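1. Make a model of this:
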Amino acid sequence: MKTLLYKIKRYIIILYRVFKKTLIMIFSGEINQVKAFLYNFSDSYFIDNEVFKKNVKTIEKEIHISTSCIYDFPEVQIDLTRPPTINVLVPGFKFESISAGFFGVFQTAILFSSLRYHVRLVLFDTFDFNIKVAKQKIKNYPGLENLFDELEVDYIGERKEPLKVSKHDTSLATVWYSAYFAKKIQDTCDGSPFFYLIQDYETHFFPSSTNSILADDSYHLSYNAIFSTKTLQDYFLRNNIGDIANRKLQYIYYNNSCNSNLLPTYISFKNSFNKRKKHRLLFYSRPIVQRNMFELGVLCLIEAIKRGIFDEDNWEFDGAGLGGYSFHISEKSYLSQLPRMNLKEYMDNISEYDICLTLMASPHPSLVPFDLAGSGCIVVTNNFRNKYQQYFSDISNNIISKDPNLESILNGLEEAASKISNLEYRYKNAANMKYPKSWDETWSDEHRKWVDKLSKVSKERINL
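-> You can find the predicted model right below:
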């Protein structure tokens, strides 16, 4: 009864304050402010503040979910019948939105397996996973077709029972929050460092917050780092992230294989270009991923048309990426969002573009510049910290990198537009691109020796 009276009193006070503030704004003539205030009030107090009805268990569960369950991972138990295993910790995913980061995860798992380690994909997030469906859909991803047949797969998202490990297991963390699960596994086993596949500086994925601090703290754990690209590794070293230099952690970098699709001959490339009625631009459009700087990219396209960098009658504009949508970028021109594609479909399409605009507020270059540059496209991307034009020029002259502001990116687009008719230049740069175009090119003996030196897992292959 006391709880009910407290709630009634609380709501009366809230309604009184709202009524008072509304009257003040009305008499002040601030009608728009009244609308905004009431909208925000109704959203925050009557929707979000359902917290009044929640018990502590519900609140605790929701907070665990909001922090990726780093303090609420599944239980881990020693099983003496298990073979020594490298546990590759795979976060939740959908094939409709799977991206290059997962290709890096899966190909690293395949590398471990090729070295005769027993490898298990541990799908630890709670998400919709059906192994039969997954085996069918993965066939559309070149190089991964047999992934779920050749490796052990353990979906534990429903948490029906603990994760069973041997005393000598190790793990591969693949995203910041999985590093905490890797630590839990290693603490259950022998306490040795885990492998940490670092594909971006993920602290930057969040504003200053609980999650940004927790993400940054993951780099202070005990691990051996595998960095995706040299620029990312250099960023960690120069900024001593996770005290990596002082702790003398072991690390190595690799370049993810890109998914370029260069036509087999210059003649076929030239014929494809001449058949097009219009030039084509691809914008890597991911409004829900803030590091891809969607807003800046759109402003650049709108302004480029205004300034005549692109003649609207001779250009088509497409968007690609998660969460994108179609919209006008001028009175005549429309940015058409391409449907989500599997890897085969993506590779079939990217050789049809003349210019690609792809932005990334990260020390990681992303793979899109290499996918498109290696397919004969002129790519415009951006500088960031230690990632500059020289880095990209050493890989391909098809890539233009500018400072991430409106005028600089516009200069890059203008430079790109001036080069699109030089087909021989584009084709030659694509053919000579110094970046892996297959995972066989990615992995070297240096990587294999490094893994063997640091892995505590014996090479005992047992079929389960």
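
2. where in the stretch 1-150 of the chain is pLDDT low?
-> 1-53 (pLDDT under 70).

3. Would you map the strands across it?
-> Secondary structure of the stretch 1-150 of the chain by DSSP state E, counting those that start in this stretch: the strands cover 76-78, 86-90, 119-123.

4. Reformat the ones you listed as TSV; add distance to residue 303 and mean neighbour count.
-> (Each C-beta comes from the backbone N, C-alpha and C, glycine too.) Converted to TSV, the strands of the stretch 1-150 of the chain look like this (distance: least, C-beta to C-beta, whole Å; neighbours: other C-beta atoms under 10 Å):
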stretch	distance to residue 303	mean neighbour count
strand 76-78	54	15
strand 86-90	41	26
strand 119-123	44	22
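
5. Tabulate those strands (a markdown table), appending distance to residue 195.
-> Listed next are the strands of the stretch 1-150 of the chain as a markdown table, based on distance: least, C-beta to C-beta, whole Å:
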| stretch | distance to residue 195 |
| --- | --- |
| strand 76-78 | 17 |
| strand 86-90 | 8 |
| strand 119-123 | 12 |
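
6. closest to residue 362 out of the ones you listed?
-> Nearest of the strands of the stretch 1-150 of the chain to residue 362, taken as C-beta to C-beta: strand 86-90 at 21.8 Å.

7. Could I get the full set of helices for the stretch 1-150 of the chain?
-> Applying DSSP state H, counting those that start in this stretch to the stretch 1-150 of the chain gives helices spanning 2-27, 31-46, 56-66, 100-114, 131-137, 147-150.

8. List the buried residues in the last one.
-> Buried residues in helix 147-150, counted by 16 or more other C-beta atoms under 10 Å: 147, 148.

9. Domain-wise, how is the chain divided?
-> Split into domains by automatic domain parsing, the chain comes to 76-256+444-454, 266-435.

10. Do me a favour and get the end-to-end distance for the longest one?
-> Counting by C-alpha to C-alpha, to the nearest Å, you get 23 Å between the two ends of domain 76-256+444-454.

11. For residue 115, see how far away residue 109 is.
-> 11 Å (C-beta to C-beta, to the nearest Å).

12. now do residue 374
-> Taking C-beta to C-beta as the measure, residue 374 and residue 115 are separated by 28 Å.

13. Run the chain-centre distance for the helix or strand containing residue 298.
-> Assessed by DSSP states H and E, residue 298 sits inside helix 294-306. Distance of helix 294-306 from the chain centroid (C-alpha atoms, centre = their mean, to the nearest Å) equals 23 Å.

14. contact partners of whatever helix or strand comes next after that helix?
-> Using DSSP H and E, the helix or strand that follows helix 294-306 in sequence is strand 315-320. Applying C-beta atoms under 8 Å, 6 or more residues apart in numbering, the contact partners of strand 315-320 are 278-285, 301, 325-326, 329, 333-338, 341, 353.

15. any idea of the mean pLDDT for strand 315-320?
-> In this model, strand 315-320 has a mean pLDDT of 96.

16. Relative to that strand, what are the paired strands and their orientations?
-> Sheet pairing of strand 315-320 (DSSP bridges) gives strand 279-284 (parallel), strand 334-337 (parallel).

17. where do the helices sit along the stretch 301-450 of the chain?
-> 343-349, 368-373, 389-393, 406-419, 423-431, 439-442, 445-454.

18. Now the first one: buried residues?
-> Translated: helix 343-349. In helix 343-349, counting by 16+ other C-beta under 10 Å, buried: 343, 346, 347, 349.

19. and residue 300, how many neighbours?
-> If you count neighbours by other C-beta atoms under 10 Å, residue 300 ends up with 26.

20. how many neighbours does the closest residue to it other than its chain neighbours have?
-> Once flanking residues are discounted, residue 300 sits nearest to residue 409: 4.6 Å by C-beta to C-beta, 6 or more residues apart in numbering. By other C-beta under 10 Å, 26 other residues sit near residue 409.
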